[in-house]
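Novice: need coordinates for the following:
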Amino acid sequence: MANATRYTVVNTQGEFLEDDSLLLLAAWTPDIRRTWLTYSELEARRVAHQSEGQAVAVTFTPLPADGEAVTHRGLPIAVQKQVITLREQGMSYRHIARLLNISKSTVGNIVSRK
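Specialist: Residues are numbered from 1 along each chain as shown. I've put the predicted structure just below:
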């Protein structure tokens, strides 16, 4: 995988320059999904100068794998919430288990933990 460096602009509060097609007035956001990004370091420096921010390089560093972490164990939270909601609506353990294709004991364990 080619690791192309991306650049963005931040202000002194650590907020990102908001992605705006015009870039006439600088708008800042803490939301990384709405951040203005570019592949050009020169463009980032130019925009940082215009918006009175600081151009920074965005680097992606993979996290080391945690050998002790357990992945995909148990039911998803959404299913557990659904079990609790159905039980609160008066549905029986058997009916919930049949509807969600899980065992009655699993339904009982989820309901007893809530």
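Novice: where does this protein have low pLDDT?
Specialist: By pLDDT under 70, the low-scoring segments of the chain are 1-3, 21-24, 67-73.
Novice: ends of stretch 33-45, how far apart?
Specialist: This stretch, stretch 33-45, spans 21 Å end to end (Cα to Cα, to the nearest Å).
Novice: now it: how far from the chain's centre is it?
Specialist: How far stretch 33-45 lies from its chain's middle: 21 Å, per Cα atoms, centre = their mean, to the nearest Å.
Novice: ok, stretch 35-52 next?
Specialist: In terms of Cα atoms, centre = their mean, the centre of stretch 35-52 is set 25 Å apart from its chain centre.
Novice: and that stretch, what's buried?
Specialist: By neighbour count on 16 or more other Cβ atoms under 10 Å, the buried set for stretch 35-52 is T35, W36, T38, A44, V47, A48, S51. C-beta: built from backbone N, CA, C; applies to glycine.
Novice: how about the nearest residue to the last one, chain neighbours excluded?
Specialist: Beyond its immediate neighbours in the sequence, the residue positioned closest to S51 (Cβ to Cβ, 6 or more residues apart in numbering) is A26, lying 3.7 Å away.
Novice: the one you found and E52 touch, don't they?
Specialist: Yes - A26 is within contact range of E52, at 7.0 Å (criterion: Cβ atoms under 8 Å).
Novice: which SS class is the most centrally placed residue in the chain?
Specialist: In the chain, the residue lying closest to the centroid (Cα atoms, centre = their mean) is R33, at 9.2 Å. With DSSP: H, G, I helix; E, B strand; the rest coil as the basis, R33 sits in helix.
Novice: how near is it to Q13?
Specialist: 18 Å (Cβ to Cβ, to the nearest Å).
Novice: how about the helices in the chain?
Specialist: In the chain, the segments counted as helices under DSSP state H are 41-51, 77-88, 93-100, 104-113.
Novice: as JSON lines, these with distance to Y7 would be great.
Specialist: Shown next, in JSON lines, are these (distance: least, Cβ to Cβ, whole Å):
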{"stretch": "helix 41-51", "distance to Y7": "3"}
{"stretch": "helix 77-88", "distance to Y7": "37"}
{"stretch": "helix 93-100", "distance to Y7": "47"}
{"stretch": "helix 104-113", "distance to Y7": "47"}
